[in-house]
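Participant: Have a look at this prediction, sequence included:
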Amino acid sequence: MACLAGCASPVSPSLPTASAAAASEAPVATASAQVALAYVPGPGASEAAIAAAQSLVRQRPDDVEAYNELALRMLRRARESSDDGYRRYAEDALLAARARDAGNPQTMMLLAMVMQDQHRFRGALSLAREYITLRPDDPTGHLIAGDALLELGEYDPAIDAYQAAMNMHPDLRSYNRAAHMRWLMGDVEGAREIIALAIDAGSTRDPESRAWCFVDLGEMDLRRGEAELTLRATGAALELVPDYWPALVLEARALHRLGRTDDAIARMDTALARKTTAEDLLRQGEWLEQVGRDDDAARHIDQALALAHAEPRPVALYLARTGRDPERALALAESELEARQNIAAHDTHALALLRSGRIAPAQAAIDRALQLNTADAELHVHAGLVASAAGDQARARKSWLRAREIDAGADPTLMAELARAVGES
């Protein structure tokens, strides 16, 4: 493992290594695509493409490629609209294709993408590996495998998979993954340079992929306190894809960081109208509390808590941050770990363990979250709180200083709690 951003290209920054292992899961094939065919397309070019693909399936009900085309159109629409319902239609079409030919490579690849989006990472990894066996020279299989491995906390194998894709064909997709890995491993400037390569490598025929890269760039900037730069990135994303949900959410967060709370609330309302998530409902609830709209805040927070079964991590993090229900926070954090073992999952688990008074396990969990030296201020704030509870004031103070160095404005409530713990209040 040597480089990850283009060993075969003029720009070849390198990445260090991390650790190993993964398992499997498999979807059950069905004989028809009744759910996908029952969907009634709306107006617009993307919907017209779905209608044409549905028509092709009806004309050629035994043609695997017709089902694959329908699934592909549904997945593209899912990305444009941020509506997860299209992914269920795509899965229905793909299971029908798999019933006709379980060894079709494109079906495998598309179904792996669907499973990845549904957070079924072990199943996605299993299918990606099947696909790689059949199409070893296609970078797509390696990218999907890398994404699944990353979510499962298998960092070295993920880096190897991304590097294999990069070596085959440096493009927007592989540059985007390389940038994310660089950011996870603490190289923020290197990550920003590589995400710029991803944006430059994009195509006018696929504006959503470039918009996603601008959102990634804006996220990196916001996590170092550069909210104005984030607004530039979200503006570029929204020019490419108007009302793009990830950009709307990030723009709302940047506006809040700039103290423009009313604007942030209005922008988040727009985002929530397009897609409702527990994480965004909780953010909105806290912002509404800040402006004295307590009834609206309580309604948003209660709605988010009701989504805990589908989104355990953000609800666990909220409950742990606020100390509202430590035991439920811990149960939800452990539920998240059953599906994924990435940095965010271990970080949330550490804070939930801390709030439940389980200090030694909290230290072990935060150590796992810190293993890549990620430049995330909130992560270091949590590490400092755990260290302080363990009686290691030197480490707590070091974490406080590191958090302030990355972004002094991150999570003011917990930053203030850590400052008090290290005698800096």
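Facilitator: Nice, thanks for sending it over. Residues are numbered from 1 along each chain as shown.
Participant: Ramachandran coordinates for the residue of the chain most remote from its centre?
Facilitator: Distance from the centre of the chain peaks at residue 59, with 37.8 Å (CA atoms, centre = their mean). Phi and psi for residue 59, reported as degrees, to the nearest 10, are phi -70, psi -30.
Participant: Also the one 5 residues further on?
Facilitator: Backbone torsions of residue 64, given as degrees, to the nearest 10, read phi -60, psi -40.
Participant: mind checking which helix or strand the closest residue in space to the residue farthest from the centre of the chain that isn't next to it in sequence is in?
Facilitator: Counting by CB to CB, 6 or more residues apart in numbering, the nearest residue to residue 59 once its immediate chain neighbours are dropped is residue 66, at 7.7 Å. Just so you know, the C-beta spots here come from the backbone N, C-alpha and C atoms, and that holds for glycine as well. In this structure, residue 66 is located in helix 64-81 according to DSSP states H and E.
Participant: Please identify the buried residues of that helix?
Facilitator: Within helix 64-81, the residues that count as buried by 16 or more other CB atoms under 10 Å are 64, 66-81.
Participant: can you pull the pLDDT of the closest residue in space to residue 130 that isn't next to it in sequence?
Facilitator: In space, and not counting its chain neighbours, residue 130 is closest to residue 108: 5.3 Å by CB to CB, 6+ apart. We have a pLDDT of 95 for residue 108.
Participant: Residue 108 reaches residue 125, doesn't it?
Facilitator: No: look at residue 108 against residue 125 with CB atoms under 8 Å: they stay out of range, at 12.0 Å.
Participant: and residue 264, what does it touch?
Facilitator: Applying CB atoms under 8 Å, 6 or more residues apart in numbering to residue 264 gives the contacts 252-253, 255-256, 287.
Participant: Residue 77 contacts residue 50, correct?
Facilitator: Yes: using CB under 8 Å, residue 77 is in contact with residue 50, at 6.3 Å.
Participant: List of residues touching stretch 376-395?
Facilitator: The contact list for stretch 376-395 (CB under 8 Å, 6+ apart) reads 223-225, 343, 347, 350-351, 354, 359-360, 362-363, 366, 369-370, 396-400, 402-404, 406-408, 410-411, 414-415, 417-418, 421-422.
Participant: quick one: secondary structure of residue 217?
Facilitator: Put simply, residue 217 is helix when judged by DSSP: H, G, I helix; E, B strand; the rest coil.
Participant: count of neighbours near residue 138?
Facilitator: Here the number of neighbours of residue 138 (other CB atoms under 10 Å) works out to 16.
Participant: can you give me the strands in the stretch 1-150 of the chain?
Facilitator: Assigned by DSSP state E, counting those that start in this stretch, the stretch 1-150 of the chain shows no strands.
Participant: So, low pLDDT: which residues of this structure?
Facilitator: For the chain, the stretches with pLDDT under 70 are 1-31.
Participant: follow-up on the earlier one: mind listing which of the contacts of stretch 376-395 are in strands?
Facilitator: Using DSSP state E, no member of the contacts of stretch 376-395 falls within strands.
Participant: now these: which count as buried?
Facilitator: Here, 16+ other CB under 10 Å leaves 223-225, 343, 347, 350-351, 354, 362-363, 366, 369-370, 396-400, 402-404, 406-407, 410-411, 414-415, 417-418, 421-422 buried among these.
Participant: Next, give phi and psi for residue 152.
Facilitator: Dihedral pair for residue 152: phi -90, psi 0, per degrees, to the nearest 10.
Participant: is it true that it touches residue 121?
Facilitator: Yes: counting by CB under 8 Å, residue 152 does reach residue 121; the two are 5.4 Å apart.
Participant: Compare the two and say which is more crowded by neighbours.
Facilitator: Each of residue 152 and residue 121 has its neighbours counted (other CB under 10 Å); residue 121 has more, 25 against 22.
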